[in-house]
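# Compute the structure for the input listed below.
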Amino acid sequence: MPLNEQKFALIELPEVSQELLDSYEDLPVDEYMGNGTRFKRFSQYRLRPEGTEGWTFELLAHRDYTTFTKFNKVGGGIRRVYQPIKADFVPLISHGIEELGLDRSEDWQINVHQNRTRADGDYAGPLTPEGVHHDGHEFVMIAVLNKNNVAGAQTRLWEPGADAPFWTGTLEPGHAVLLDDRGLAHDVTDVESADGGPANRDIVIIAFSRWAEKWYGEEHDEAALADGAES
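Numbers count the residues shown, from 1 in each chain. You can find the predicted model right below:
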């Protein structure tokens, strides 16, 4: 496992195509998070180990996104309707899998979030309106693919319950952070415009859970929505 003793790792990404970068121009606005500054698509896969090193990617039937309020007090406990991802992120996901050294003894389920956040001189783009949080998965990969005129957007890692982050840094395009999501909390400061003009930050977030933990399907959705109804 390449994560360091502090339960995270910084990695470089393979070069991505212009087509992949251009796909961020076609993201619908996120109606639930970011106050109109976030644009998003979402898809889910099942991973199966194949042979001695490979994985097969099964694109799962598209579902609304649900999560628990204990992980997201702003967007948890509700159905969040997103359009499916059109671009091919499999090469980037495969790189993350290799860097994590994902356990090959069982299947995994992954959530893929393609996000653009915009800002300008009049408004900032909140990246984590839910505050310092865990996403609830075993591992999370946050990869930055492009930034234009961006200030702020500092990634911060926290020991659970700590009053201050133990690590703060700015991810540049072509870099990603891998997290032990259950061992660490994280947040990211708002995207700000560096010069008062338009700014955008384009990322992909990949969340890894073991298939047996049922983070996909009606049973998961019912549990997450019931959590919201009780809050």
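
# Buried ones in the least confident helix or strand in the chain by mean pLDDT, by neighbour count?
The weakest-scoring helix or strand in the chain, judged by mean pLDDT, DSSP states H and E, is helix 218-230 (a mean of 83). Neighbour-count burial for helix 218-230 flags His220, Asp221, Ala224, Leu225, Asp227, Gly228 (criterion: 16 or more other Cβ atoms under 10 Å). Every residue, glycine included, has its C-beta placed from N, CA and C.

# which residues sit against that helix?
With contact meaning Cβ atoms under 8 Å, 6 or more residues apart in numbering, helix 218-230 is reached by Arg63, Asp64, Thr66, Thr67, Phe68, Thr69, Lys70, Gly76, Gly77, Ile78, Arg79, Lys214.

# Spell out the secondary structure type for Ile97.
Under DSSP: H, G, I helix; E, B strand; the rest coil, Ile97 falls in the helix class.

# correct me, but Val144 touches Thr155?
No. With contact defined as Cβ atoms under 8 Å, Val144 does not reach Thr155; the gap is 9.0 Å.

# Could you name every residue contacting both of these two?
Common contacts of Val144 and Thr155, defined by Cβ under 8 Å, 6+ apart, comprise Leu171.

# Which residues does the residue nearest to the spatial centre of the chain form beta bridges with?
Centroid-nearest residue in the chain, with Cα atoms, centre = their mean: Ile205, separated by 2.4 Å. Per DSSP bridges, the residues bridged to Ile205 are His113, Ile142.

# and what of Tyr65?
Arg80.

# Would you quantify the distance from it to Ala226?
16 Å (Cβ to Cβ, to the nearest Å).

# same check, this time on Glu219
According to Cβ to Cβ, Glu219 stands 11 Å off from Ala226.

# hang on, the earlier thing: adding distance to Arg210 as columns, could you present the buried residues of helix 218-230 in a markdown table?
Listed next are the buried residues of helix 218-230 as a markdown table, based on distance: Cβ to Cβ, whole Å:
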| residue | distance to Arg210 |
| --- | --- |
| His220 | 13 |
| Asp221 | 18 |
| Ala224 | 17 |
| Leu225 | 22 |
| Asp227 | 20 |
| Gly228 | 24 |
